[in-house]
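Enquirer: Just need the structure, nothing else, for what follows:
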Amino acid sequence: MSSKGVLYIVVSGLNDYKKAREALRIAEYQAGDGKNLAVMLQGDGINWIKESKENRIKEIQTSIGVIHELGCPIFLCGASLNEEGLSPTMGDYKFNISSAPRRISQVVEKGWQLAVF
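Expert: From the prediction side, this is the model:
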């Protein structure tokens, strides 16, 4: 059975920049190829939407923006947002809030793969 899509779950936060960067690079390339994909920021990964002038954070945010602009949904874990006291926005971008367990169940039921970074 072939995969119908991929949900990238980014749980790597500010202390694991390289892992988050690679996950979002792969997702960005696939989004540009017209593949079915979505991204979920969860746990420490939610911190990538924080306002910052730091270059590594801006690089990650640029990838998130590109993926979003290519029409792929970006989901933010509601519990993680609440824990960090963040809103579901990054600059001019507004993202979907989702329950991580429910979203994961939905994509698995639809035959999508999970990629956790």
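
Enquirer: helices and strands around the helix or strand bottoming out on mean pLDDT in the chain, which ones?
Expert: When the helices and strands of the chain are scored by mean pLDDT, DSSP states H and E, helix 100-109 comes last with a mean of 87. Using 3 or more C-beta pairs under 8 Å, 6 or more residues apart in numbering; DSSP states H and E as the contact test, the elements touching helix 100-109 are strand 6-10, strand 37-41, strand 113-116. Placement of C-beta: from N, CA and C, glycine included.

Enquirer: relative to strand 37-41, how tilted is that helix?
Expert: 160 degrees (axes from the mean of the first three to the mean of the last three C-alpha atoms, to 10 degrees).

Enquirer: Just the C-alphas of helix 100-109, formatted as PDB.
Expert: Output of helix 100-109 as PDB, limited to C-alpha atoms (Å, rounded to 0.1, in the frame of the first residue of the first chain):
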ATOM      1  CA  ALA A 100      -2.400  16.100  18.400                       C
ATOM      2  CA  PRO A 101      -3.800  12.600  19.200                       C
ATOM      3  CA  ARG A 102      -6.900  13.300  17.200                       C
ATOM      4  CA  ARG A 103      -5.100  14.700  14.200                       C
ATOM      5  CA  ILE A 104      -2.600  11.800  14.200                       C
ATOM      6  CA  SER A 105      -5.500   9.200  14.300                       C
ATOM      7  CA  GLN A 106      -7.200  11.000  11.400                       C
ATOM      8  CA  VAL A 107      -4.200  10.900   9.100                       C
ATOM      9  CA  VAL A 108      -3.300   7.300   9.900                       C
ATOM     10  CA  GLU A 109      -6.900   6.300   9.200                       C
END
